[in-house]
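> what follows is a protein structure lacking sequence information:
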């Protein structure tokens, strides 16, 4: 961990030299991630599940929702990974321990789960297999549920430092 901190401290020092207000350093990550998690996450989940459940019932709406899911999900993933690294960097900037909190653990689990989902989607659902699509749907849903708990842990962490 000290190796990671020593790698991140020059970056943190550079950001600290910019004179970013403490409130932004402290609460910027949580605010941005709330937008990503609750706005984009709910849109991705809604579109994904509607695309999945409306197939055969209302094919046109299902196709539109699947297309929306394919557009928003990769952006959400990128923003979450960037936010993950930004959260760790924010802790370094504030002189706080990194990689130790339950908030860090849940964030790591979510990034891992969504990486698995990205790989499943990138393979074309392993040859367009229904089982892969089902795994993708439930892994993504579990990740979003964990993100709600992650947000609660993040608020607790933010209020404690």
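Sure thing, it's come through. Everything quoted here is computed from the prediction, not taken from an experiment.
> contacting residues for the residue nearest to the spatial centre of the chain?
Residue closest to the mean C-alpha point of the chain, counted by C-alpha atoms, centre = their mean, is residue 80 at 3.2 Å. Contacts for residue 80 (C-beta atoms under 8 Å, 6 or more residues apart in numbering) come out as 33, 36-37, 110-111, 114. Using the backbone N, CA and C atoms, a C-beta is placed for each residue, glycine as well.
> which element is it on?
Using DSSP states H and E, residue 80 falls within helix 59-93.
> buried residues, that helix. List them.
62, 65-66, 68-69, 72-73, 76-77, 79-80, 83-84, 86-93 (16 or more other C-beta atoms under 10 Å).
> the contacts of residue 80 into TSV, with extra columns for distance to residue 56?
TSV is the format used below for the contacts of residue 80 (distance: C-beta to C-beta, whole Å):
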residue	distance to residue 56
33	36
36	32
37	31
110	31
111	34
114	28
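> can you list those residues in CSV and add neighbour count?
Shown next, in CSV, are the contacts of residue 80 (neighbours: other C-beta atoms under 10 Å):
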residue, neighbour count
33, 23
36, 18
37, 22
110, 21
111, 17
114, 20
